[in-house]
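1. structure of the sequence below:
(one chain, ligands or ions: 3)
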Amino acid sequence: MSIGELAFIERLRALATHPAARGLDDDVAVVGDLVLTHDTIAEGVHYLPDDPPASVGWKLVTVNLSDLAAKGAEPVAALMSVTISGDGDWEDRFLSGVAAACEAYSLPLVGGDTIALPLHAPRVLGLTAIGRGGAHIPSRGGGSPGDGLWLVGTLGDAAVGLAALLADINAEGPMVEAYRRPVPQLAAGRQLAVHASAMMDVSDGLLLDASRLCAASHCGARIDLDSLPLSRGFIAERGSDRKARLSAATAGDDYALLAALPADFDPAVSLSLPSGTNLVRIGTLTEGKELTLLDAMGEVPTPEQLGYEHHT
Ligand SMILES: Nc1ncnc2c1ncn2[C@@H]1O[C@H](COP(=O)(O)OP(=O)(O)O)[C@@H](O)[C@H]1O
Ligand SMILES: Cc1ncc(C[n+]2csc(CCOP(=O)(O)OP(=O)(O)O)c2C)c(N)n1
Ligand SMILES: [Mg+2]
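-> Ligands and ions are numbered 1, 2, ... in the order given. Model (predicted):
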């Protein structure tokens, strides 16, 4: 988030005083048992103009489903907002990606809005995802010192994929797929939400998002860099030394889940997550408000930039 965005959201807080808004401190709004979220993606900002249009449609749906996953909510319905700027073939292929993601995650598209922009204007695409929460819809703010910090997914893959595409527009492979086609962790989120004292998705970079969970929970955290889940593809590209781990921890576009769980609860033992789910403990919530990083060599200076920041 940029300074401008932060200042604007500060002003919005004066408007969004209804309890459903959760103080604008959460990933979602909660109206009764309905969980509501809206995220926008823009050409050149969240995806590349040359990305396959179907992958842009997939990304629009799944970045929003990732917010539902972080609250343990079941997808119920979606409303979509689309700008069209004179390329019907692009739009057809975009819609096929939207349809594929809606089908994959049982999210019926039930409405939205379309506006025409001048020819070739950069597209801005929005989606409201509505979900149904379970008995406990975790916020970012319920964590306490001693809770274990757990992560579902891997870190840094999408950033490696984006870097590959910026170097070579024809790059392909699993890292490029991670950038273009995020996978929302809905099944893991549903199971973790029952037990989580706090949960959120990691879209801006682990350290930045963890610092938000900590601030909302009035805690600090200790994170063990050596425990961070790195994929084989990430390690092949960047290695797994301290520098590589710090880059994975601050990259963004991961759409992983970050959960605070009671100290004595081990989800790897107590839950039956879908096979292939990558779940690891990465640290602990602490008293105070410091974010402390460690690895086998000792304490690691916290980087100045904790995650992805927009520049306006
Ligand atoms: N234009 C807006 N109108 C109302 N609420 C907004 C608007 N933009 C952002 N928010 C709210 O501000 C908070 C922070 O938004 P954002 O930075 O986009 O968070 P996230 O990373 O969860 O998408 C969220 O609660 C979001 O719902
Ligand atoms: C072309 C391109 N450049 C840079 C990025 C990296 N990036 C853009 S936005 C973002 C973070 C998430 O976006 P934001 O608008 O902050 O979403 P929100 O926090 O509202 O979910 C990241 C890592 C990207 N995905 N694509
Ligand atoms: Mg947002």
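2. only C-alpha atoms from now on, for both contacts and neighbour counts.
-> OK.
3. count the residues that sit near the residue of the stretch 1-150 of the chain found nearest ligand 2.
-> Here the stretch 1-150 of the chain gets closest to ligand 2 at one residue, H46, 3.8 Å apart by CA to the nearest ligand atom. Residues lying near H46 (other CA atoms under 10 Å) number 16.
4. get me the contact residues on this protein for ligand 2.
-> Proximity of the chain to ligand 2 is confined to 1, 39, 44-48, 203-204, 252-253, 308 under the rule CA under 6 Å from any ligand atom.
5. as a markdown table, these with distance to E103, pLDDT and secondary structure would be great.
-> Formatted as a markdown table, those follow (distance: CA to CA, whole Å; pLDDT from 0 to 100; DSSP: H, G, I helix; E, B strand; the rest coil):
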| residue | distance to E103 | pLDDT | secondary structure |
| --- | --- | --- | --- |
| M1 | 31 | 71 | coil |
| D39 | 19 | 97 | strand |
| G44 | 27 | 96 | coil |
| V45 | 26 | 96 | coil |
| H46 | 23 | 98 | coil |
| Y47 | 22 | 98 | strand |
| L48 | 24 | 98 | coil |
| S203 | 23 | 96 | coil |
| D204 | 27 | 96 | coil |
| G252 | 26 | 95 | coil |
| D253 | 22 | 98 | coil |
| Y308 | 30 | 93 | coil |
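6. pull out the buried members of those residues.
-> 39, 46-48, 203-204, 252-253, 308 (16 or more other CA atoms under 10 Å).
7. show me which of those neighbour ligand 1.
-> Among those, ligand 1 is touched by D39 when using CA under 6 Å from any ligand atom.
8. report the two of the residues of the chain next to ligand 2 separated the most.
-> For the residues of the chain next to ligand 2, the maximum inter-member distance is 19.1 Å, found between M1 and L48 (CA to CA).
9. related to what we said a few turns ago, distance to R245 for the buried ones among the residues of the chain next to ligand 2 - can I get that in JSON lines?
-> Putting those into JSON lines (distance: CA to CA, whole Å) gives the following:
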{"residue": "D39", "distance to R245": "28"}
{"residue": "H46", "distance to R245": "23"}
{"residue": "Y47", "distance to R245": "24"}
{"residue": "L48", "distance to R245": "25"}
{"residue": "S203", "distance to R245": "17"}
{"residue": "D204", "distance to R245": "16"}
{"residue": "G252", "distance to R245": "13"}
{"residue": "D253", "distance to R245": "15"}
{"residue": "Y308", "distance to R245": "15"}
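10. return the member of the buried ones among the residues of the chain next to ligand 2 nearest to ligand 1.
-> Distances from ligand 1 to these, taken by CA to the nearest ligand atom, are shortest for D39, at 5.8 Å.
11. partners of the closest one in the sheet?
-> L127 (DSSP bridges).
12. from the residues of the chain next to ligand 2, which is closest to V56?
-> Y47 (7.0 Å).
13. from what I see, the closest one and I41 are in contact.
-> Yes: in this structure, Y47 is within contact of I41 by CA atoms under 8 Å, at 7.4 Å.
14. who touches both of the two?
-> Common contacts of Y47 and I41 (CA atoms under 8 Å, 6 or more residues apart in numbering): none found.
15. make sure I have this right: L258 is in a helix.
-> No: counting by DSSP: H, G, I helix; E, B strand; the rest coil, L258 is not part of a helix but strand.
16. I'd say it and L151 touch.
-> Yes: the criterion here is CA under 8 Å, and L258 meets it with L151 at 4.7 Å.
17. quick one, helices of the stretch 151-300 of the chain?
-> 157-167, 174-180, 186-193, 206-217, 232-238, 242-249, 267-270 (DSSP state H, counting those that start in this stretch).
18. all strands for the stretch 51-200 of the chain, in order.
-> 74-84, 109-116, 124-132, 148-152, 198-202 (DSSP state E, counting those that start in this stretch).
19. so which of the ones you listed is the most surrounded?
-> strand 198-202 (a mean of 30; mean count of other CA atoms under 10 Å).
20. which helices and strands sit right next to it?
-> helix 53-69, helix 206-217, strand 256-261 (3 or more CA pairs under 8 Å, 6 or more residues apart in numbering; DSSP states H and E).
21. what about that strand and ligand 1, touching?
-> No: residues of strand 198-202 contacting ligand 1 under CA under 6 Å from any ligand atom: none, with a closest distance of 8.2 Å.
22. coming back round to it: got a markdown table for the helices of the stretch 151-300 of the chain, with distance to S85 and mean pLDDT too?
-> A markdown table is the format used below for these (distance: least, CA to CA, whole Å; pLDDT from 0 to 100):
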| stretch | distance to S85 | mean pLDDT |
| --- | --- | --- |
| helix 157-167 | 24 | 98 |
| helix 174-180 | 22 | 98 |
| helix 186-193 | 33 | 97 |
| helix 206-217 | 34 | 97 |
| helix 232-238 | 36 | 97 |
| helix 242-249 | 35 | 98 |
| helix 267-270 | 47 | 90 |
